[in-house]
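Asker: can you look at this prediction? I've put the sequence above it.
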Amino acid sequence: MYHFFVENSQLTPDFKNVEITGNDYNHIANVLRMQKGEQFSVSIRDDDEGKEIFYEIEEITDSSVIGKLCFIEKVGNELPSKIYLFQGLPKVDKMELIIQKAVELGAFQVIPMSTKRCVVKLDEKKAENKIKRWQAISEAAAKQSKRAIIPEVTMPMTMKQAVEMAKSMDVKLIPYENAKGIEETKRLIEAIEPGQSIAIFIGPEGGFSEQEIDLCMENGIMPITLGKRILRTETAGFTIISWLMYHLEK
């Protein structure tokens, strides 16, 4: 079943009807060629309750699709913990893949980071354009995976800014090749409780510098290993979010 995100203004106060317009209207009417009587579901943007509302197409006009309410379900598709992915800016278009898969796996927010070994450098104008593109990828992935929210992709920040932002989070982890064995990683992940906020720091292709690792450890960010093999930057984040999803999801 196809899933869309809507504003409160598109719904009647009792949720009895929804009006789909704009790009989603075009997708339903002209791309999917859905017909009267077919069903779809929606989530409300910025709705912390995570409701999924199911509608049946009642009418298709020249500019909108009108749906009538079937039922409302609190599906609980969101993980019980908010995962913040602090991602060192990678080369080429790897960030698009990272955002797409992180959203599918349940990340709450993606924070691009400029670190010492980042090859990519974004000025403010380039960053604004990139963020628009990355946010659109996040929304598409949220629709595909039936998320109740659209995870935010923030403006890029420095490593120092990222560490400062993570200070208030409950659990802070950074994969590092010199970290202790996998048993220590397992212990740290298994100690995480539902509801705790989790920061994950992933370096760019060249990894983090020793000074950056020291900065993290000085601020309570725990080094972990992801196994005996060296993972690419676009693989490391998926790996740890997958482990967290397995541990936290009920």
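Answerer: Good, I have the coordinates.

Asker: which parts of the chain are helices?
Answerer: Taking DSSP state H, the helices of the chain run over residues 22-26, 94-105, 124-144, 159-166, 182-190, 210-218, 233-248.

Asker: got the buried residues for the first one?
Answerer: Going by neighbour count (16 or more other C-beta atoms under 10 Å), the buried part of helix 22-26 is Asp24, Tyr25. Every residue, glycine included, has its C-beta placed from N, CA and C.

Asker: starting at the chain centroid, how far to that helix?
Answerer: 23 Å (C-alpha atoms, centre = their mean, to the nearest Å).

Asker: residue numbering should commence at 772 henceforth.
Answerer: OK, 772 is where the count begins now, so the last one is helix 793-797.

Asker: now what about it, what contacts it?
Answerer: Residues from elsewhere that reach helix 793-797 (C-beta atoms under 8 Å, 6 or more residues apart in numbering): Phe775, Val777, Ser834, Ser835, Val836.

Asker: out of these, list just those in strands.
Answerer: Phe775, Val777, Val836 (DSSP state E).

Asker: list the contacts of the second one.
Answerer: Spelled out, it's Val777. Contacts for Val777 (C-beta under 8 Å, 6+ apart) come out as Val789, Ile791, Asp795, Val813, Ser814, Ile815, Arg816.

Asker: between those, which is closest to Glu964?
Answerer: Lowest distance from Glu964 to those (C-beta to C-beta) belongs to Ser814, with 26.1 Å.

Asker: for the most centrally placed residue in the chain, which non-adjacent residue is spatially closest?
Answerer: Nearest to the geometric centre of the chain sits Val874, at 3.2 Å (C-alpha atoms, centre = their mean). Distances taken as C-beta to C-beta, 6 or more residues apart in numbering place Ala912 nearest to Val874, at 3.9 Å, with adjacent residues excluded.

Asker: Gly952 contacts Thr996, correct?
Answerer: Yes - between Gly952 and Thr996 there is a contact under C-beta atoms under 8 Å: 6.5 Å.

Asker: which one of those two has more residues nearby?
Answerer: Thr996 (16 against 11; other C-beta atoms under 10 Å).

Asker: what residues does the more buried one make contact with?
Answerer: With contact set as C-beta under 8 Å, 6+ apart, Thr996 has these partners: Pro946, Tyr947, Glu948, Ala950, Lys951, Gly952, Ile953, Glu955, Thr956.

Asker: ok, how many other residues are close to Glu867?
Answerer: There are 17 residues near Glu867, going by other C-beta under 10 Å.

Asker: wait, it sits on Ser909?
Answerer: No - if you go by C-beta under 8 Å, Glu867 and Ser909 don't touch, sitting 10.0 Å apart.

Asker: to Leu840, which of the helices of the chain lies closest?
Answerer: Of all those, helix 793-797 comes closest under C-beta to C-beta, at 17.5 Å.

Asker: average pLDDT for that closest one?
Answerer: Mean pLDDT, computed over helix 793-797, is 94.

Asker: how long is stretch 783-797 end to end?
Answerer: Chord length of stretch 783-797, first to last residue, is 21 Å (C-alpha to C-alpha, to the nearest Å).

Asker: pull the distance from it to the chain's centre.
Answerer: Averaging C-alpha positions (C-alpha atoms, centre = their mean) puts stretch 783-797 24 Å from its chain's average.
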